[in-house]
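Participant: I would like to see how this sequence folds:
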Amino acid sequence: MVWGTTYVVTTEFLPQGHPLFAGLLRALPAGLIALAITRTLPRGEWWGKAAALGVLNIGLCFPLLFIAAERLPGGVAATLAAAQPLIVAALAVPVLHERPSAWRIAWGVAGVVGVGLVVIGPNAALDIVGIAAGLATAASMALGVTLTKRWGRPAEASPTAFAGWQLTAGGLFLVPVTLLTEGPPPAVNLTAALGYLWLGLVGGLIAYVLWFRGITTLPVTSVAVLVLLSPLVAAVLGAILLGQTLGPIQLLGFGLSLAAIVAGQLPVPARSHGPVSTPVPDRTPR
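Facilitator: The predicted structure is shown next:
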């Protein structure tokens, strides 16, 4: 739900044209704070795993998200991001060796349709770069979520330390990329500073500590479908803060998305194999 505030904060608080810088400030300071609090560093193979997860979940995801938010209407960007549960359901088969679930896929599609009904207006502009960034955001985070579930969390790392490793790795990945791509950072006024502070501490540190704890506790498909809450919150904030209205179609989509979120937390219904016949005892004399 906190991530649903990203769209309004990006468009109303942050200087435009610096998506990589926004991703960097969201990740690196929060990661360093987490490392300072926990004083726990990765060991052995977890240096490589933490780096890979940090790039997928943070280093690639953050700037792609901000690019999509800047180049597309929030509704279009949110709908593309809502494709993540479908990608997770597909990745769970080869990565986690789970059987494909028609139940999960059907509700994932329903969730995307519901989000689309809520947030895409008739005048939604489509930008090729923005669409590519939105889909890449969903793919990067879906792979990161799936690998996080496969590898788990090492026993010596608390959820805060685990989040700190990834936020720091993702932030360090963004430092040279940001400098080479965007050059000097933009001027930051009080409004922008408050936006960066919110995205870094609340949307970064606190949200990711809870997120990674949830990934290691809940089924990966159940976690992924919770991402649908983000665009729904974005739509509610748009209605409250920006005067955007929610008509009957938007309310229908809202209900459909909520149903998908709830259904995604329920066990997959058992398949019915028809009536089971009772075997007749063999009474042949022996």
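
Participant: From here on, just use CA atoms for contacts and neighbour counts.
Facilitator: Noted.

Participant: Using PDB, write out the CA atom coordinates for stretch 224-240.
Facilitator: Provided in PDB are the C-alpha atoms of stretch 224-240 (Å, rounded to 0.1, in the frame of the first residue of the first chain):
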ATOM      1  CA  ALA A 224       2.900 -11.400  -5.600                       C
ATOM      2  CA  VAL A 225      -0.800 -10.800  -5.900                       C
ATOM      3  CA  LEU A 226      -0.600  -8.300  -3.000                       C
ATOM      4  CA  VAL A 227       1.200  -6.000  -5.400                       C
ATOM      5  CA  LEU A 228      -2.300  -5.200  -6.800                       C
ATOM      6  CA  LEU A 229      -2.900  -3.100  -3.700                       C
ATOM      7  CA  SER A 230      -0.300  -0.500  -5.000                       C
ATOM      8  CA  PRO A 231      -2.300   0.800  -8.000                       C
ATOM      9  CA  LEU A 232      -5.500   0.700  -6.000                       C
ATOM     10  CA  VAL A 233      -4.000   2.900  -3.400                       C
ATOM     11  CA  ALA A 234      -2.600   5.200  -6.200                       C
ATOM     12  CA  ALA A 235      -6.200   5.500  -7.600                       C
ATOM     13  CA  VAL A 236      -7.600   6.400  -4.200                       C
ATOM     14  CA  LEU A 237      -4.900   9.000  -3.600                       C
ATOM     15  CA  GLY A 238      -5.600  10.400  -7.000                       C
ATOM     16  CA  ALA A 239      -9.300  10.800  -6.100                       C
ATOM     17  CA  ILE A 240      -8.600  12.300  -2.700                       C
END
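
Participant: Go through that stretch and flag the buried ones.
Facilitator: Going by neighbour count (16 or more other Cα atoms under 10 Å), the buried part of stretch 224-240 is 224-238.

Participant: which SSE is V88 in?
Facilitator: Using DSSP states H and E, V88 maps to helix 84-96.

Participant: so where's the stretch 51-200 of the chain uncertain?
Facilitator: For the stretch 51-200 of the chain, the stretches flagged by pLDDT under 70 are 73-79, 100-101, 104, 118-126.

Participant: so where do the helices sit in it?
Facilitator: With DSSP state H, counting those that start in this stretch as the definition, the stretch 51-200 of the chain shows helices at residue ranges 61-71, 74-81, 84-96, 102-119, 128-151, 159-182, 190-197.
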